[in-house]
Every structure is written in structure tokens, then in C-alpha cells.
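1. fold the following, please.
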Amino acid sequence: MHLQVSSVCKTFGHGAKAKLVLDRVSFDLHAGEFLALVGSSGSGKSTVMRLIAGLDRPSAGTITIDGQPVRGPGSDRGMVFQKYSLYPWLTAAQNVAFGMELQRRPRLEIRERTAYFLEVVGLADAARKLPRELSGGMQQRIAIARALAAEPRVLLLDEPFGALDIQIRESMQEFLHQLWRQTGLTALLITHDLEEALLLANRVHIMAPNPGRIVRSVDVDLDRSNMAHLRVSPGFLELREELAQSLRGLEPALSR
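-> Here you go, the predicted model:
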């Protein structure tokens, strides 16, 4: 799998009211990679995600998956949003199965894959529970299981843990890292949380606002075997502070 974003621009409005919100954004994502886009409000990271998801079209530039242009939503991209977006009248298992049913897969395959991914996210015993019976973190695990069960080539994560409290968020970050190691998924995360990006991603792109653009890219090679230790390790704290200074240096752009 090769996702390629090439010189993508996005303008909203027309004529004198036109506003450039993305300016020549380019990056690549290969199979098995975990990439993060980090930026403040107005940096365009959510717009990038919408374009890759096929929910909107670039004003200029191209987005391709394995050389094929993205022209709309597709099952090759699985989306996980900040809000859990589960169907409240369906059980956990039925929510996981939903995408596969839309794909009209055989019943036996749906049952087997549903059971498998509930096991992968550690919620096999919650199969018959409704979303209201699950915690926020459990609901988000179900949303991730649903996305993965449909076999997307890339998992798109739109600030997936932003609505969770700090303790649950940290446990979900560890869960997602272990899931990535276990399944070899390809993932693109957008977040305003620099620490989260560094904990999870192999590569981090820093985005500046007005218009949104990538101003710095960092390869992240950290020992994630113990995330609690990693969060307070000197190397991690040094890298986080270095990039935080870069982000703070972009703040004046917000007032322009």
C-alpha cells in the first residue's frame, strides 16, 4: 500500500472571499507505517484527513492510493473519529459486523472476523452489550475493531482519543500501539497532542496554520516497550520540548 499526497492545495470560497486553507501539502505513507500530522487549530490537518477520506476534493494537487486517484469514500480507508459514532441500537458485535455486511461478505466470514477483532481489541466478552453499557474507551475500541474488520488498506484516525479523560487516553494510546504491532496496520493520525504523536508514530509532520502547510518532519525511533517509562525518559522529553518550541514558534501566525 502506498498513499501519496502530492502538492495538495485547498481553497474555500470564491473570488475576493476565497481562502487558501492548505498550501502544497505533500507526504507519503507506506504499508505498515504509522504517520502523524500535528498542528494547532487552523493548521488544516482535519482538511487533509477529509481529502484523503474522499469526503472533499483538493483544489490542486493529487491524492493517490497505489497510483489510483482518490475520488470519494472507499472501503480501502477505515475512519475512526473523535466521537465514537457507534450505532446505539446495535450490540458491540453488530457494530463490528456492520461494514462487512455492507460489503456483502459471507455470513460465516462475518461471524468469524467479528469474533476475531473483538478478541484483538480485548472485548470478546462485550459482544452482546449495547454502546450505552460500555465505557468511552471500550466504545472507541469497538469503533477501531469495526474499521479494521472491513480490511482497509489504511486506518485514518481523527483525534480518536480527544474526548477521553487522561487516564483512559493513556491506556488507549498503549492499546493502539500494541494493536499496530500485533496487526501491522497502516495508520494516519491527526492530533493537536504532540506527546500522543511521538508516542505512536514512526514519523511526525508538524503543520503550520494560515494556510496549512508542513513545516517540519521528524522520524521517531523510540523504545515503546514501556510507555509509562518512555513518557518520562530524558530522550523523549528532550524531543517533545524541541518540537513544542517549533510549534510555539508558529503561534504568531494565528493572529495574521
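
2. what about Trp180, distance to Glu195?
-> According to CB to CB, to the nearest Å, Trp180 stands 17 Å off from Glu195. Backbone N, C-alpha and C define where each C-beta goes, glycine included.

3. ditto for Gly99
-> Distance from Gly99 to Glu195, by CB to CB: 31 Å.

4. before we move on, back to that, quick one: which of Trp180 and Glu195 has more around it?
-> Each of Trp180 and Glu195 has its neighbours counted (other CB atoms under 10 Å); Trp180 has more, 20 against 17.

5. and that one, what does it touch?
-> 34, 187, 200 (CB atoms under 8 Å, 6 or more residues apart in numbering).

6. show me where the stretch 1-150 of the chain has helices.
-> Using DSSP state H, counting those that start in this stretch, the helices of the stretch 1-150 of the chain run over residues 45-53, 92-102, 107-120, 136-149.

7. ranking those by mean pLDDT, which is last?
-> With a mean of 89, helix 136-149 has the lowest mean pLDDT of the helices of the stretch 1-150 of the chain.

8. against which helices or strands is that one packed?
-> strand 77-80, helix 92-102, helix 107-120, strand 154-158, helix 166-183 (3 or more CB pairs under 8 Å, 6 or more residues apart in numbering; DSSP states H and E).

9. 7 Å instead, please
-> strand 77-80, helix 92-102, helix 107-120, helix 166-183 (3 or more CB pairs under 7 Å, 6 or more residues apart in numbering; DSSP states H and E).

10. where does pLDDT dip in the stretch 101-250 of the chain?
-> Along the stretch 101-250 of the chain, no part satisfies pLDDT under 70.

11. can you list the helices and strands packed on helix 136-149 in JSON lines and add distance to Ala228?
-> Output for those, formatted as JSON lines (distance: least, CB to CB, whole Å):
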{"stretch": "strand 77-80", "distance to Ala228": "24"}
{"stretch": "helix 92-102", "distance to Ala228": "28"}
{"stretch": "helix 107-120", "distance to Ala228": "23"}
{"stretch": "helix 166-183", "distance to Ala228": "8"}
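
12. now the helices of the stretch 1-150 of the chain in JSON lines, with mean neighbour count?
-> Shown next, in JSON lines, are the helices of the stretch 1-150 of the chain (neighbours: other CB atoms under 10 Å):
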{"stretch": "helix 45-53", "mean neighbour count": "22"}
{"stretch": "helix 92-102", "mean neighbour count": "21"}
{"stretch": "helix 107-120", "mean neighbour count": "16"}
{"stretch": "helix 136-149", "mean neighbour count": "23"}
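
13. picking that back up, for Leu156, which of the helices and strands packed on helix 136-149 is the nearest?
-> strand 77-80 (5.0 Å; CB to CB).

14. so how far is that closest one from its chain's centroid?
-> Computed by CA atoms, centre = their mean, to the nearest Å, the chain-centroid distance of strand 77-80 equals 8 Å.

15. cool, stretch 236-254 as well?
-> Per CA atoms, centre = their mean, the centroid offset for stretch 236-254 relative to its chain is 21 Å.

16. just the CA atoms of it, as CSV, please.
-> Extracted C-alpha coordinates of stretch 236-254, given in CSV (Å, rounded to 0.1, in the frame of the first residue of the first chain):
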residue,chain,number,x,y,z
PHE,A,236,11.5,11.6,24.9
LEU,A,237,11.2,14.7,26.9
GLU,A,238,14.0,16.4,25.0
LEU,A,239,12.4,15.6,21.7
ARG,A,240,9.0,16.7,22.8
GLU,A,241,10.3,20.0,24.1
GLU,A,242,12.3,20.6,20.9
LEU,A,243,9.2,20.1,18.8
ALA,A,244,7.0,22.0,21.2
GLN,A,245,9.3,25.0,20.7
SER,A,246,8.8,24.6,17.0
LEU,A,247,5.0,24.7,17.5
ARG,A,248,5.2,27.7,19.8
GLY,A,249,7.3,29.5,17.1
LEU,A,250,4.3,29.1,14.8
GLU,A,251,1.8,30.8,17.2
PRO,A,252,2.2,34.3,15.8
ALA,A,253,0.8,33.0,12.5
LEU,A,254,-2.5,32.6,14.3
